[in-house]
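> Everything below, folded, please.
(2 chains)
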Amino acid sequence: MAATLALSSSAFAAEQAMDLDTLLKQLEQGQSAQNAQNAQREAQFKAQQSEQVRMLRELTSNRDGELNRSERLETQFEENEIKLGNLSDTLSKRMGSLKELFGVLQQVAGDSSNKFRTSVVSAEIPNRSAFMDDMAKRMGSSTKLASIEDIEKVWVELQREMTEQGKVSRYTSDVIVAGGTKTQKEVLRVGAFNLIADGKYLSYNPETNTLSELTRQPTARFTQSAAELQSAQSGIVDFALDPTGGSILGLLVQAPNTKEQVEQGGAVGYVILGVGLLALLIALERFVSLMIMGAKINRQLKDSVAREDNPLGRVMKVKEQYPDVAYDTLELKLSEAILREMPKITRNLTLIKIISVVAPLLGLLGTVTGMINTFQAITLFGTGDPKLMAGGISTALVTTVLGLVVAIPTVFLYTLLNTRSRNLLLILQEQSAGIIAERSEKGA
Amino acid sequence: MVLLVDAINALREFLDTGGQVLLVIGLVTFLMWLLILERFMFVFGKFRTYRKDLLNSWSSREERNSWNAEQIRQAMISRAGIQLNSNLPYINVMVALCPLLGLLGTVTGMIEVFNVMAITGSGSARSMAAGVSKATIPTMAGMVGALSGVFASTFLQRKAKREVELLEDKLLLDH
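Now for the predicted structure:
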């Protein structure tokens, strides 16, 4: 295949080489044709040149016309400017005090729009702030004039807000209750201050125009006054209102309640409470048993026969057991019997005493650990956030409170029990011998 | 009448600024003084007749020399001692409790201060003032309560001790 291609190309070259003369001839002919063409083109260009000159002339005259027009319009513009200035001067002169009025109108509309948006009155009468916003915007643009109707409407809306502030009104509305469900409820609005339903305080959300029950209600004293107001038909009812229109009640949700505060105490707090409970239980047991013991001793004092069921009786039994011993031996036997009774009377009292001393110490421990945590938080995050610091400190103080709350009653209980047991011991120690002596004298 | 209402209002305001602990301190102080008054009335009233009876019954005994007489004398003195010392521990413990309660009020007040700080996040003195007064007033009240009781309780304790010693001196044994 390649061989045939090479063969044919060499054949073609031979053919060309053979025709070099014809090529030369062809070239000569071509040159003469080129010359003819060039002459023709030259003629064509010459014809076009005159055409170009004509167009140039035309465009120049055009430009001159436009320049004239621009000059004319410019002077007209200047004239108009002057005219406009004069007219706006006249306008402002004629508007005069009206301009000030519109400024005031704009300001009032803007202010009251904000006020209406957050006011609880808007929960009952919505969409009041939209008109005020629109009004403020129109007054701000200064090209439009306020109509008498608009101005009167501003007045009416302000008057309405004022009137509603002094009213207690009832209406039904959707209320979001604690579970998140919407229910129709009779809502009571107290002026522009509070909204209540079912004796519970509500919070108003201006963004979504919804009412929801506060997740944490104020103390019973206040909710009770709300319930009373709701059930009242006429007359004057005491009611606790939030003069800030809900801000204070809103903060209430953040404040920890008693249970949460106890939880803030942490492990130390629970230890203190546990120890306190232990002391309370021991004290209760001691109290009951000392009372029973005291009652039995009192009965024994009146009874002539020594009984086995009380310490005094058991001590007195000693005399019966050793009827014929000498006095000094009897005294020894008696003090021996009293020593046997002593642990029963004073049992566990020291434990209560220890708890009453240990509880405040544990509280102090909790405070110090809490402070350490606070300062560690400060080292990590800096003192920039007082919330962080204050939260830690109040947590630390809770344990001190718990310690004191446990210690105070425990000290009191210890004194109570100690006095009782000491009186019983005195009866045994100092009086048992005397009682025996009195008996034997009477019997003799 | 108006004065009384004013006084009650002032008291209520004081209790409101000091918090509930103040009420407890007031109650404890009141109870303490009730007990102190009872003690004074006993020591200067009923106890005198009791002592006279005791001395009479001792001096009317035929013999004051035997073991029996000695033990009976001991029992008599012990009973008088119990009577003289009753309620004194309670007065003492209340004197001790008053400052503790004051401390409790202080700490709860401080917690309130820090709660306000934690919620508002600001150190505004005005918002913390309520907590601060709740913190300081109970301490003061506790101190006042304790100090008012200390003198009376000390006096009563010494009086009881001396009376017992006097009885021991007067109930003489014959030798």
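> in chain B, what spans have low per-residue confidence?
Along chain B, the model assigns pLDDT under 70 to residues B:121-123, B:175.
> That one: helices as residue ranges?
Residue ranges of the helices in chain B, as given by DSSP state H, are B:2-18, B:20-41, B:47-59, B:67-85, B:88-120, B:125-170.
> wait, does the third one contact chain A?
Right, the one you point to is helix B:47-59. No. Contact check for helix B:47-59 against chain A, using CB under 8 Å from any CB of the partner chain: none in range, with a minimum separation of 11.3 Å. C-beta: built from backbone N, CA, C; applies to glycine.
> just checking, what packs against that helix?
Taking 3 or more CB pairs under 8 Å, 6 or more residues apart in numbering or on different chains; DSSP states H and E as contact, the helices and strands that helix B:47-59 lies on are helix B:67-85, helix B:125-170.
> Please work out which of those is packed deepest.
Each of the helices and strands packed on helix B:47-59 was given a mean neighbour count from mean count of other CB atoms under 10 Å in any protein chain shown, and the largest, a mean of 19, is that of helix B:67-85.
> and the angle for that one with helix B:20-41?
What separates the directions of helix B:67-85 and helix B:20-41 is an angle of 140 degrees, with axes from the mean of the first three to the mean of the last three CA atoms, to 10 degrees.
> hmm, back to that, what's the closest of the helices of chain B to residue A:262?
Taking CB to CB as the criterion, helix B:88-120 is the member of the helices of chain B that comes nearest to residue A:262, at 11.9 Å.
> what about that closest one, distance to the chain center?
For helix B:88-120, the distance from its own C-alpha centre to the chain's C-alpha centre is 19 Å (CA atoms, centre = their mean, to the nearest Å).
> Quick check: nearest residue in space to the residue of chain B found nearest chain A, chain neighbours excluded?
At 2.5 Å from chain A, residue B:75 is the closest residue in chain B, using CB to the nearest CB. Using CB to CB, 6 or more residues apart in numbering or on different chains and skipping the chain neighbours, the partner closest in space to residue B:75 is residue A:434 (2.5 Å).
> Secondary structure element holding the one you found?
For residue A:434, the host element (DSSP states H and E) is helix A:432-443.
> got a list of contacts for that helix?
Contacts of helix A:432-443 with the rest of the structure, by CB atoms under 8 Å, 6 or more residues apart in numbering or on different chains, involve A:301, A:304, A:312, A:315-316, A:319, A:331, A:334, A:338, B:67-69, B:71-76, B:78.
> okay, that helix in CSV with CA atoms only?
Provided in CSV are the C-alpha atoms of helix A:432-443 (Å, rounded to 0.1, in the frame of the first residue of the first chain):
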residue,chain,number,x,y,z
SER,A,432,-33.4,7.9,145.2
ALA,A,433,-31.7,7.5,148.6
GLY,A,434,-33.9,10.2,150.1
ILE,A,435,-37.0,8.5,148.7
ILE,A,436,-35.9,5.2,150.2
ALA,A,437,-35.2,6.9,153.5
GLU,A,438,-38.6,8.6,153.5
ARG,A,439,-40.3,5.3,152.8
SER,A,440,-38.5,3.5,155.5
GLU,A,441,-39.3,6.2,158.0
LYS,A,442,-42.9,6.1,157.1
GLY,A,443,-43.0,2.4,157.3
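> Show me which residues of that helix are buried.
Of the residues in helix A:432-443, those buried by neighbour count under the rule 16 or more other CB atoms under 10 Å in any protein chain shown are A:432-437.
> which parts of chain B sit against chain A?
Proximity of chain B to chain A, by CB under 8 Å from any CB, involves residues B:67-69, B:71-79, B:81-82, B:86, B:89-90, B:92-93, B:96-97, B:100-101, B:103-104, B:107-108, B:110-111, B:114-115, B:117-123.
> Spatially nearest residue to the residue of the stretch 1-150 of chain A found nearest chain B, not counting backbone neighbours?
In the stretch 1-150 of chain A, the residue found nearest to chain B is residue A:118; the distance is 19.1 Å by CB to the nearest CB. Using CB to CB, 6+ apart and skipping the chain neighbours, the partner closest in space to residue A:118 is residue A:206 (5.4 Å).
> For the one you found, grab the count of nearby residues.
Residue A:206: 16 surrounding residues under other CB atoms under 10 Å in any protein chain shown.
> what do you get for residue A:110?
The number of residues packed near residue A:110 is 17, by other CB under 10 Å.
> got it, and residue B:35?
Close neighbours of residue B:35, defined as other CB under 10 Å, add up to 20.
> which ones are touching it?
Remark: with contacts taken as CB under 8 Å, 6+ apart, residue B:35 is in contact with B:87, B:90-91, B:94.
> how about a cut-off of 7 Å?
By CB atoms under 7 Å, 6 or more residues apart in numbering or on different chains, the residues touching residue B:35 are B:87, B:90-91.
> Looking at neighbours, which among the residues you listed is most surrounded?
Most neighbours among the contacts of residue B:35, by other CB under 10 Å: residue B:91, with 25 neighbours.
> Spatially nearest residue to that one, not counting backbone neighbours?
Leaving out its chain neighbours, residue B:91 is closest to residue B:153 (CB to CB, 6+ apart), at 4.6 Å.
> State the distance from the one you found to residue A:237.
49 Å (CB to CB, to the nearest Å).
> Out of the helices and strands packed on helix B:47-59, flag the one nearest residue A:107.
Minimum separation from residue A:107 across the helices and strands packed on helix B:47-59 (CB to CB) falls at helix B:125-170, 29.8 Å.
> So which helix or strand of chain A has the lowest pLDDT on average?
Ranked by mean pLDDT, DSSP states H and E, the helix or strand of chain A with the weakest confidence is helix A:2-18, at a mean of 54.
> pLDDT below threshold where in the stretch 101-250 of chain A?
With pLDDT under 70 as the threshold, the stretch 101-250 of chain A has low-confidence stretches at A:142-144.
> Could you rerun that using 50?
In the predicted model of the stretch 101-250 of chain A, no residue satisfies pLDDT under 50.
> What residues does it have near chain B?
Within the stretch 101-250 of chain A, not a single residue sits near chain B (CB under 7 Å from any CB of the partner chain).
> Do a quick rundown of the strands in the stretch 101-250 of chain A.
Listed in chain order, the strands found in the stretch 101-250 of chain A under DSSP state E, counting those that start in this stretch are A:168-176, A:182-190, A:194-197, A:200-205, A:210-213.
> got a list of contacts for the third one?
Put plainly, it is strand A:194-197. In this structure, residues lying in contact with strand A:194-197 by CB under 7 Å, 6+ apart are A:120, A:123, A:175, A:185-189, A:201-202, A:204, A:211, A:226, A:229-230, A:241-242.
> How far off centre is that strand?
Using CA atoms, centre = their mean, the offset of strand A:194-197 from its chain centre is 20 Å.
> Just checking: what are the partner strands of it?
In its sheet, strand A:194-197 lies beside strand A:182-190 (antiparallel), strand A:200-205 (antiparallel), with partners assigned from DSSP bridges.
> Good, wrapping up.
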